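>>> I'd like to go over a predicted model; first the sequence, then the structure.
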Amino acid sequence: MLECLKTWSTPSVLVILLAAGGPVLAAPSPQGPSYPICDEHSQMQADLAEAELDVQRSKYQEAVALYLRWLPEILKIGCLPAEAGVRLNLGIAYDGLGDSVTAASEMARALEISMLLNDEAGAGSGLMNLGVVLRKLGNLPLAKQSLETSFQVWCHLGDRASMSRTLANLALVSAGLGKIQEAQEQIREALELSDDPGDRARLLLIQSCVSGQAGDFDQAMGQSIHASELGFEAKDVQAVFGGQLILAVSLVEKGDLQGAYDHLINALDLAELQGVNVTSSELKATLMGQFFNAYAMGVILSAELGRPADAFRHAEQAKARALLDQFWQPHPNFSGANSELLVHLRELPGRRAGLSEEIRKESRKPLGQQDEGLLSSRKEQLDELRTDETTLLARLKVASPGYAGVLGAYSGGIKDVQGRLDDRSSVVEYFISEKTIPRQKSGGVYAWVIWKNGFELVQLAVPAREVARKVILLRHLIGERGSGFKAVAAELFQNLFAPLAPHVRNRNLIIVPHGVLHQLPFAALWNAKRKRYLLDDYVLSQAPSASILDVIYGRGGGKGEGILVLGDPDGSLPYAAQEARKIAELYGVQPLLGKEATESAVVHSGPVGILHVAAHGVYDAAHPLFSRLELAPGGGEDGRLEMQEILGLNLKGTSLVVLSGCRTQAEEATEGDELAGLPRAWLLAGARSVLGSLWNVNDRSTATLMQRFHGHLREGMGPAEALRRAQIETRAGFPHPYDWAAFVLSGAAH
């Protein structure tokens, strides 16, 4: 029931709820780990048996860790039946964690092997589970075909339990296709075939969804209550979660918001219980992302019921959960890790470096002399290696308890945030949801203004989709350096900030964006009435979550000493070299320029007070872990300081990291508002503040801005105030926001 509220909206929440997800009835491998494996592998047999139990108990990360531990050994032995069973259950576990793409890949391989072996039961399981995942991925026709074929297999084998499960999943597909009567008949037949209490709990959930889609909410409520009771008896957390969630949705439709909220709280408590046992950041992000819409419903119901503090708590629960866990966990420790995975992982950077060097050498040749075939081949190989390395890192984290042994995610309330604010600072936190509930007053965009001794929740009137459209348009207009940006900037000011202004009591503003707002240059919002930018009236900084303020400000003022300045590593940024010299001169140090501006200098420097890098930044949307700063090679490093390498640095004691390059602030938010980009990496590595850019900047105006920024730091200003002054002064010579509004300070403002 994990994605049960994927797209709920009026007029009927459950109509779209069904199309997007629903309770899953998976079919573990009928033989699973009991497939014949050599007698000397007793530990493997025991672990795989434990993993299958973990799948049944919804302890999916534990299952994935055990399967990944033994899959290489099974492949080495060459036991195809065992591989099929393990891959099928591994797919179920990944799907339970929200990674349906990986799940589909594993299930497809399991199905392929089962068909090769003429294993009819294995093929039936593979077809059914693949159909479940295809439905989640939105391919309803192919899902239906897969499930119907599976049903024929189970009928031939006379397996009533599997027939029931397959019919239930077919009912979800039928409902998604709008065939309600067909769905009702399929789920009734499924219930007649089933004697298993655990299965019946999820069958009743599906039946309640179908009843809701038919508009019979009283029937849906009765069925979901029964499902919750059976799920509780069977210790099926997801079944109870689903039952409570459907009860909440049904009560919303009936207009009982308080009753809906009471049941939603039960569901959210169960969501937290599932999330607390997932310690891998990648798996945490996918799992908690699936719960996002349930938390969004909590925000909306709390706001409608006049409970703004609860609404804030749900907003924080919905956002950046994996990021929060990483702030609270120790540095990676691969002790006890799968040795083969670790050896393979350590080989990949060298191979990537070799391919990158080949591409670099070939690209430097005159166009007519370049071997296009070689370049294309090497780039394709490099992309494959990046994918392999990302996958290996994720697997190593899951399979190594020492890597991710952390407590559950921390999400603070308003009082926790107030405890970190001084008398001069306020927090403005945004929450965007495209979802609405019946008879909801307006909006879909919420904002909290929080100060030391009070707070205010404001429900903004602008629709969420309109905000997204205007932010994208503003970024385009600024990028084109035209004059039309001011009208859109003025509209966004009126939409997003003007309603908050009466409640903003402090000049220092810590903005916590959400969704598309991470890409908005707040400094450039235009107050048309006063003819002033937002920057002119407030000292701005940002944080990915209000809950991390306690961690960031708890790091103190930074114990690192001095400044490390690097600039123009490849000779293509003459203004960056000039910028680096001027800044180094301010501090009385020597900059590292050209070939001396090496990755090794950063990696081996240890914590410094300030790290300033004037170099190209590359954001890799396909492989965020390989987003990087382009530095010079040397000292055993290839010059590509990647996000995954930054995460391994120890920057505790570093007060400020300045990334004076293109798109160094670029990040993309997932549904659960997880951010993947360079700023997060530097903060996680220990820095208190990071200054980066939202777009490709002009190195001439940037050089001016950076010199003024550091000049104000030397005068004793905090980084947020120093940035504000530098942007205003740069604007005098470069008036267009393209030249001064790109830079954003994340982390501690002072």
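Right, received. Where do you want to start? Residues are numbered from 1 along each chain as shown.

>>> Name the spans of the stretch 51-200 of the chain whose pLDDT lies under the cut-off.
57 (pLDDT under 70).

>>> Neighbours of the residue nearest to Asp739 when sequence neighbours are not counted, how many?
Using CB to CB, 6 or more residues apart in numbering and skipping the chain neighbours, the partner closest in space to Asp739 is Ser701 (3.8 Å). Glycine gets a C-beta too; all of them are placed from N, C-alpha and C. For Ser701, the count of nearby residues is 19 (other CB atoms under 10 Å).

>>> and Ser701, what does it touch?
Thr730, Gly733, Phe734, Asp739, Trp740 (CB atoms under 8 Å, 6 or more residues apart in numbering).

>>> Would you agree the fourth one is in contact with Gln727?
The reference is to Asp739. No. In this structure Asp739 lies outside contact range of Gln727 using CB atoms under 8 Å: 9.5 Å.

>>> So the two - more neighbours on which side?
More neighbours surround Gln727 than the other of Asp739 and Gln727, with 25 against 21 (other CB under 10 Å).

>>> Same question for the more buried one, what's its three-state structure.
Classification of Gln727 using DSSP: H, G, I helix; E, B strand; the rest coil returns helix.

>>> What pLDDT does the model give it?
Note on Gln727: pLDDT of 97.

>>> any idea how far it is from Leu492?
18 Å (CB to CB, to the nearest Å).

>>> just Lys235 next, same as before
To Leu492, Lys235 is 49 Å away according to CB to CB.

>>> Among those two, which residue is more densely surrounded?
Taking neighbours as other CB under 10 Å, Lys235 and Leu492 compare with Leu492 leading, 26 against 12.

>>> Please look at the more buried one and Ile472 and confirm they touch.
No. Judged on CB under 8 Å, Leu492 makes no contact with Ile472 at a distance of 11.2 Å.

>>> which one is Gln258 nearest to, not counting chain neighbours?
Per CB to CB, 6+ apart, closest to Gln258 is Leu305, 6.4 Å.

>>> Now do the same contact list for that neighbour.
Leu305 touches Leu257, Gln258, Tyr261, counting by CB under 8 Å, 6+ apart.

>>> Can you say which of these are buried?
Leu257, Tyr261 (16 or more other CB atoms under 10 Å).

>>> what sits against the residue nearest to His156 when sequence neighbours are not counted?
Excluding its sequence neighbours, the residue lying closest to His156 (CB to CB, 6+ apart) is Glu120, at 7.2 Å. Shown in contact with Glu120 (CB under 8 Å, 6+ apart): Val153, His156, Leu157.

>>> Could you rerun that using 10 Å?
Pro30, Ser114, Val153, Trp154, His156, Leu157 (CB atoms under 10 Å, 6 or more residues apart in numbering).

>>> ok, of those, which one's closest to Gln369?
Nearest to Gln369 among those is Ser114, at 51.9 Å by CB to CB.

>>> How is the closest one assigned, secondary-structure-wise?
Going by three-state DSSP: Ser114 is helix.

>>> Any idea how many residues pack against the residue nearest to it when sequence neighbours are not counted?
Nearest residue to Ser114, sequence neighbours excluded (CB to CB, 6+ apart): Gly122, at 3.3 Å. Look at Gly122: counted by other CB under 10 Å, it has 26 neighbours.

>>> Then the one 5 residues further on?
Neighbours of Leu127 under the rule other CB under 10 Å: 26.

>>> Which positions in the helix or strand containing it come out as buried?
Element membership for Leu127 (DSSP states H and E) is helix 120-136. Neighbour counts over helix 120-136 (16+ other CB under 10 Å) mark 121-136 as buried.

>>> Can you select the buried ones among the contacts of Ser701 for me in ChimeraX?
Selection of buried members from these for ChimeraX, criterion 16+ other CB under 10 Å:
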select :730,734,739,740
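
>>> if you look at the contacts of Ser701, which of them are in helices?
With DSSP state H as the criterion, helices contain Thr730, Gly733 from among the contacts of Ser701.

>>> what two of the contacts of Ser701 have the greatest distance between them?
Longest span within these, CB to CB: Gly733 and Trp740, 9.3 Å.

>>> Which phi and psi values does Asn698 adopt?
Per-residue torsions, Asn698: phi -80, psi 120 (degrees, to the nearest 10).

>>> how would you label Val657: helix, strand or coil?
Strictly by three-state DSSP, Val657 counts as strand.
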